[in-house]
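Student: Quick one: sequence and predicted model below, then my questions.
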Amino acid sequence: MGRRRGETLEAAILDAAWDELSERGYANLTVESVARRAGTSKPVLYRRWADKRELVEAAVVRRHAAQSVAPADTGSLRGDLIATLIELGETRGPFLTQLSLLLAGYFTETETGFTELRELFLAGRRSGADVIMRRAVERGEIDPDRLTPRIAALPFDLLRAEAMMTLRPVGREAVEEIVDTVFLPLVRPGGR
């Protein structure tokens, strides 16, 4: 096998970092163990990432991107939310639960939480929630004066909470209750 460089080497390192994180958790992961698993040396890793924290963040962002879900476009706010939340509940719920366990040491060390991690995931891009809400405002399905950032995040936050509490994929019934009973009454024009 030839010498790996550039994106190929970086992908191998980040995959090794994710595998080490999955097996050992943040507290027990070392740059040395990642280098060994990736078949490279510690200096190669340190040329790309300043420390273990940055390496783990890059690995988590890469894994998150590989599992990203595009927001549904069904033509209605309710349809977009239900379709997107069901897909997220089936795919992202287990991933977020796994992350919360694996990154406990990271969150303690950095004094951060999922809010800051979410910023790394987005890296300045609009979230799927933002896209869904913008389309709904344009269609007149949402009163923009009632759509605060916290309310816009509410269906996604409730989905994450449900996934974390049950440790199972979130089903259609729970998603419909989140959308119909909690979210839509808060944002519809005239509160209807």
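Tutor: Looks like it arrived, so ask away. Since we're looking at a predicted model, the values are computed, not measured. Numbers count the residues shown, from 1 in each chain.
Student: From here on, just use CA atoms for contacts and neighbour counts.
Tutor: Fine.
Student: can you count the residues close to I86?
Tutor: Other residues near I86 come to 20 when the count uses other Cα atoms under 10 Å.
Student: typo on my end, E57
Tutor: 20.
Student: And the lowest-mean-pLDDT helix or strand in the chain, what does it pack against?
Tutor: Least confident helix or strand of the chain, by mean pLDDT, DSSP states H and E, is helix 114-122 with a mean of 80. Packing contacts for helix 114-122, counted by 3 or more Cα pairs under 8 Å, 6 or more residues apart in numbering; DSSP states H and E, involve helix 52-66.
Student: What residues of the helix it packs on count as buried?
Tutor: K52, L55, V56, E57, A58, A59, V60, V61, R62, R63, H64 (16 or more other Cα atoms under 10 Å).
Student: So for the chain, the centremost residue is which one?
Tutor: Geometric centre of the chain, nearest residue: H64, 5.6 Å, by Cα atoms, centre = their mean.
Student: any idea how far A66 is from the residue lying closest to it once chain neighbours are set aside?
Tutor: Distances taken as Cα to Cα, 6 or more residues apart in numbering place F121 nearest to H64, at 7.1 Å, with adjacent residues excluded. Separation of F121 from A66 (Cα to Cα, to the nearest Å) stands at 11 Å.
Student: avg pLDDT for whichever strand or helix holds Q98?
Tutor: Per DSSP states H and E: Q98 is located in helix 77-102. Mean per-residue pLDDT for helix 77-102: 85.
Student: Check which helices and strands that helix sits against.
Tutor: helix 6-28, helix 128-139, helix 149-166, helix 172-177.
Student: Can you give the contact residues for the longest one?
Tutor: Where contact means Cα atoms under 8 Å, 6 or more residues apart in numbering, the residues beyond helix 6-28 that reach it are 29, 33-35, 37-38, 45, 55-56, 58-60, 62-63, 101-106.
Student: just the second one next, same as before
Tutor: The contact list for helix 128-139, computed with Cα under 8 Å, 6+ apart, reads 70-73, 76-77, 80-81, 142-144, 152-153, 156.
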